[in-house]
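[1] Need coordinates for the below:
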Amino acid sequence: MVAAEPGIETENGWRKSDWYRIIGPEYVELAFRFAHEADPEALLFYNDYDTESPAKRDLILELMRSLQRKGVPVHGVGHQAHLYSTYPEVGELERSIQAVGELGLRNQVTELDVSLRPRARAPMPERTPELLAAHAQRYRELFRMFRRNRQLIDAVVLWGVNDESSWLRAPDAPLLFSEFSPKPDFRAVIEEASAP
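    The predicted structure follows:
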């Protein structure tokens, strides 16, 4: 699924992928049914990006309700969470996590990273001490929210180990380590995760 996004052909909120063109939107339902048939014990998650966007959140929640009404085996939603230094508000991701939980489904944050850029396609800002401190604070706020909603979240997984191997490429620095040395981001996460 995809909310309105420049350059992506869609129909009723669905990306017109080959799967969609050949089978229609039922391909998601079929994928869950086939996966369950192959391994009835597997936990099955719908994983997507931009789940914190209100428009996309609504599409995903409607898809989950539809699958539940049909008795399709789905256990949760994965939030890829490729975020930016100032966008979106942490509260938007929290609302998505809580809305998924209200459906009785589990949440996992599956690809967390935080770009130094303030928003998508924004120019890379100068790497000042203030920017790096704000970046660490952004991670702190995210992990505070994860802790606040820990009963709804099974896992938080970062999308890489260090900045040098990030898909975002230098000069961006979205992860907790640089050349395997912990950054202030790492300390912020550890402090927040270990808070009482």
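
[2] OK, contacts around P171?
    116, 124, 127 (CB atoms under 8 Å, 6 or more residues apart in numbering). Every residue, glycine included, has its C-beta placed from N, CA and C.

[3] Neighbour-wise, give me the winner out of these.
    Most neighbours among those, by other CB atoms under 10 Å: L116, with 22 neighbours.

[4] ok, N47 touching G76?
    No. Judged on CB atoms under 8 Å, N47 makes no contact with G76 at a distance of 9.2 Å.

[5] Looking at these two now, which is surrounded by more residues?
    Remark: of N47 and G76, G76 carries more neighbours, 23 against 13, as counted by other CB under 10 Å.

[6] Walk me through which strands the strand ranked longest in the chain pairs with, and which way each runs.
    When every strand of the chain is counted residue by residue (DSSP state E), the longest turns out to be strand 106-114. Here strand 106-114 is paired, per DSSP bridges, with strand 76-79 (parallel), strand 82-83 (parallel), strand 153-158 (parallel).

[7] sorry, back to before: out of the contacts of P171, name the ones that lie in helices.
    Counting by DSSP state H, none of the members of the contacts of P171 fall within helices.

[8] For R144, state which of these is nearest.
    Nearest to R144 among the contacts of P171: L116, at 20.3 Å, using CB to CB.

[9] so where's the longest helix in the chain?
    The chain, longest helix under DSSP H: helix 129-148.

[10] Strands along the protein, start to end?
    So, for the chain - with DSSP E - the strands run 10-11, 14-15, 45-48, 76-79, 82-83, 106-114, 153-158, 177-178, 181-182.

[11] With mean pLDDT added, can I get these in CSV?
    Listed next are those as CSV, based on pLDDT from 0 to 100:
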stretch, mean pLDDT
strand 10-11, 75
strand 14-15, 78
strand 45-48, 97
strand 76-79, 98
strand 82-83, 98
strand 106-114, 98
strand 153-158, 97
strand 177-178, 95
strand 181-182, 96
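
[12] who wins for proximity to L93 among those?
    Between L93 and the strands of the chain, the shortest gap by CB to CB is with strand 76-79, which sits at 6.6 Å.
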